[in-house]
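Let me see the structure of the following:
(one chain, ligands or ions: 1)
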Amino acid sequence: MIKKNKKFVPILVLDFGSQTTQLILRRIRDLGVYCEVTSHHNIIKKIEEFQPKGIIFSGGPSSAFDKFSPKVDSKVFKAKIPILGICYGMQMLCVQLKGKVKKTRKREFGKAHIKLLNKSPIFKGIIKLNSSTQVWMSHGDEVVKVPVGFDVIARSDNNIAAMSHKKKKIYGVQFHPEVIHTLKGKQLIRNFILDICKIKREWKINNFLKEQLNVIKNKVEKNKVICGLSGGVDSSVVAALINKAIGNQLTCIFVDHGLLRKDEEKEVLLNFKKYTDCKIIHVNARKIFLKKLQGVKDPERKRKIIGKEFIKIFEIEAKKIKNAKFLAQGTLYPDVIESKKIQGSKLKVIKSHHNVGGLPKKLNLKLLEPLRELFKDEVRTLGKELGLPNDIIMRHPFPGPGLAIRIPGEITAKKINILKKVDHIYINELKKHNLYSKIWQAFCVLLPIKSVGVMGDSRSYELTVSVRAITSKDGMTAEVFYFSEKFIQSLVGKIVGQVKGVNRVLYDITSKPPATIEWE
Ligand code: XMP
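From the prediction side, this is the model:
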């Protein structure tokens, strides 16, 4: 029995635990096509509910020939919906359709070249027959025999690189088209989505905005909503969106922990008065946080203390708001994807993230998460659509625990002050030289290292600062942004010359991985 369609999702991406699943979604959204990630469980029910026109199986760490590895309900192959299996996704569909997969003799990782052996719509505009293109591989297993009814359409030096069913629109690629090192990867995804699945490019932020305004109004009715405000892009857009939908039924709580950038609290309050008409409760809790952090050096303890104190203060304030029924949060789609990771995949905690979302469960408020389907750049476009200024929308990401995790070692009021001044100079210089918008995130770190210097004729013994600038799409990986020698030299001069307490500047040129973006 076909259920009543609640929501149309043109492309479903089934996640089998790959590190690059998010990138698949990004590529599809960039085409102007809506898509969602989901687990492989109950796929037939999901097809009935969302009526997808195409399904993608992601890669993953399992071995398809392993009896206990995740498998999809085989009915999906008879559903007459085009399928693209990527890496593990290809191997899994191969095993399920009675082909053969085995361990490779040598794990293949990195750039490789594939040659087209059979013409196929999935490779349209990518390579001609018998010519080759660069792709990106990461696998320890390989397809050694394609299932009955399939053709091998491309090979690398080592193995079968792509296959497709002769009649059904089922495709498998061993490489990762979602990764930039697959030079024509975007085109391959485009071929699958637009030509093979025949999906129209209809995903526009303006439609999303209209739809969400109605969703919020209908959900909230005459009740009150509380929103934790941090001054960052996500919470600002959430607040502006909800404010547009329900006016002053929204109250924002801004817990000022004293670890924000220079004058940021003033800017947050000013901007909110200017761009919304919701109520704001400003809690100055700087002294409390500083006291709690006294003597604490361990990064995780710092994060835990800040998170806990934040919840405590937020709860006290939230309880003062009578008849509040909803808590608004700036949860984004990457957070949703993380929480939907396939069961059994063990993700190591690198850092216990804290932000204004994900907090007070005890408050008994229902969650309102209007951005949970969006990626960061889509949130920025939505902010623009809502009339927020570039200053807010294009602001670099800033972590919930603020400057605390940019001061390795003990935090003191003096150090916070020094870092605020250094950061201010740095960000202003970036803006002055039109570099700010080219960089995804830039900040300074105040290191617990003193060194000897010479200022004029005197000896100095002061602290060290590290400057960091990275480019990224979503913060999951990051590349270093390289400054010109002239810029960096002038910046060093300004920092050391203007900020008392600093006599040495380092330039961090580590990408993520192996480093993380923040130092703690
Ligand atoms: P890492 O350091 O993990 O950072 O590479 C990735 C991105 O997340 C930001 N970040 C946080 N954001 N609460 C947040 O809201 C946090 O606790 C937190 N820790 C890191 C970081 O600034 C970067 O953009």
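
Excluding covalently adjacent residues, which one is nearest to the one residue in the stretch 151-300 of the chain that gets nearest to the ligand?
The ligand sits closest to residue 232 of the stretch 151-300 of the chain, with a gap of 7.2 Å, by C-beta to the nearest ligand atom. (Glycine included, C-beta is placed from N, CA and C.) Of all residues not flanking residue 232 in the chain, residue 398 sits nearest, at 5.4 Å (C-beta to C-beta, 6 or more residues apart in numbering).

how about the helices in this protein?
For the chain, applying DSSP state H gives helices covering 21-30, 43-50, 88-96, 185-190, 205-220, 233-246, 264-275, 286-293, 299-319, 333-339, 376-385, 390-393, 413-432, 485-498.

Out of the ones you listed, name the one with the poorest average pLDDT.
Mean pLDDT is lowest for helix 333-339 among these, at a mean of 72.

before we move on, the earlier item: how far away is the residue nearest to residue 232 from the ligand?
Distance of residue 398 to the ligand, computed by C-beta to the nearest ligand atom, to the nearest Å: 6 Å.

Tell me how many other residues crowd that residue.
By other C-beta atoms under 10 Å, 20 other residues sit near residue 398.

Then the one 4 residues further on?
Residue neighbour count, defined by other C-beta under 10 Å, stands at 22 for residue 402.

right, and residue 140 touches residue 101 too?
No. With contacts counted by C-beta atoms under 8 Å, residue 140 stays clear of residue 101, the gap being 10.8 Å.

which neighbours do the two share?
Residues touching both residue 140 and residue 101 by C-beta atoms under 8 Å, 6 or more residues apart in numbering: residue 63.

Neighbour count for the two, which is higher?
Between residue 140 and residue 101, residue 101 has the larger neighbour count (other C-beta under 10 Å), namely 21 against 12.

and the residue lying closest to residue 247 once chain neighbours are set aside, what does it touch?
Take residue 247 and drop its neighbours on the chain: the residue closest to it by C-beta to C-beta, 6+ apart is residue 277, 6.8 Å away. When contacts are counted by C-beta under 8 Å, 6+ apart, residue 277 touches 243, 247, 248.

Skipping adjacent residues, who's closest to residue 119 in space?
Once flanking residues are discounted, residue 119 sits nearest to residue 129: 5.9 Å by C-beta to C-beta, 6+ apart.

for residue 515, same thing?
Per C-beta to C-beta, 6+ apart, closest to residue 515 is residue 508, 7.7 Å.

and the one you found, what is it in contact with?
Neighbour list for residue 508: 445, 466, 467, 468, 480, 515 [criterion: C-beta under 8 Å, 6+ apart].

cool, and residue 422?
Applying C-beta under 8 Å, 6+ apart, we find residue 422 in contact with 444, 446, 465, 495, 499, 502.

go on, residue 118?
Per C-beta under 8 Å, 6+ apart, neighbours of residue 118: 129, 151, 152, 153, 154.

residues touching the closest residue to residue 79 other than its chain neighbours, list them.
Closest residue in space to residue 79, ignoring its immediate chain neighbours: residue 47 at 5.9 Å, by C-beta to C-beta, 6+ apart. Residue 47 makes contact with 12, 55, 76, 79, 81 under the criterion C-beta under 8 Å, 6+ apart.

Now with 10 Å, please.
Residue 47 makes contacts with 2, 9, 12, 55, 73, 75, 76, 79, 81, as judged by C-beta atoms under 10 Å, 6 or more residues apart in numbering.

Give me the subset of the residues you listed lying in strands.
If you go by DSSP state E, those have 12, 55 in strands.

who wins for neighbours among the contacts of residue 47?
residue 55 (25 neighbours).

Weed out the non-buried ones from the contacts of residue 508.
445, 466, 467, 468, 480 (16 or more other C-beta atoms under 10 Å).
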